[in-house]
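[1] my questions concern the predicted model and sequence given below.
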Amino acid sequence: MPDHGFGKISERDLNFSNDGGPDPLTPHAAQRAVFAYDFAVDGGAVSTITLRGDAIPANAVVLNALYIPTVAPVSAAGSVALQIEAAGDLLATVAVTGNVDEVNQLIPTLATVTSYVQTTVARAVKLVVSAGALTAGKFYVVLDYVVVDAALATT
């Protein structure tokens, strides 16, 4: 950092936490995680399928989640949901037909803060298939998130 006549100031000097760790009030840069589902690779049985991609860490607050299909999921009578922390927190259960064939904003619902999701441990996105198996489909789930200090995560 520049010398402004008061001596040099280091990054450590700007750390206001008592434990020598990073200041919990310092903004953290947003990060992105991409998760993939492909029927040809992952199957489509009635079950919970962990999507492929790196898990997001504990204390991550999901700021934005997008669903991007490249091949619309197909099922005669099936329903799907997407979750990361709790049942249906990214996408509540919907019938496959006509509901998951285009790009969708999953969360947040901008009118309500309650739709934001925070992880308690490292997690990956899961696809919950119910009522009937999938027979085709390929899509991505893109999450933008920030990791907050564990002490702030419980306040």
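    Thanks, I have it. Numbering: from 1, shown residues only.

[2] counting neighbours, what do you get for Leu127?
    24 (other C-beta atoms under 10 Å). For the C-beta atoms, the positions are set from N, CA and C on the backbone; glycine is no exception.

[3] identify the bridge partners of the closest residue to Asp42 other than its chain neighbours.
    Nearest non-adjacent residue to Asp42, counting by C-beta to C-beta, 6 or more residues apart in numbering: Ile49, 5.5 Å away. On the basis of DSSP bridges, Ile49 is bridged to Leu127.

[4] my read is that Ile49 contacts Ala133, right?
    No. Under the criterion of C-beta atoms under 8 Å, Ile49 is not in contact with Ala133, lying 11.0 Å apart.

[5] helix, strand or coil for the nearest residue to Gln31 once chain neighbours are set aside?
    Counting by C-beta to C-beta, 6+ apart, Gln31 lies nearest to Tyr145, which is 5.9 Å off, once chain neighbours are set aside. Under DSSP: H, G, I helix; E, B strand; the rest coil, Tyr145 falls in the strand class.
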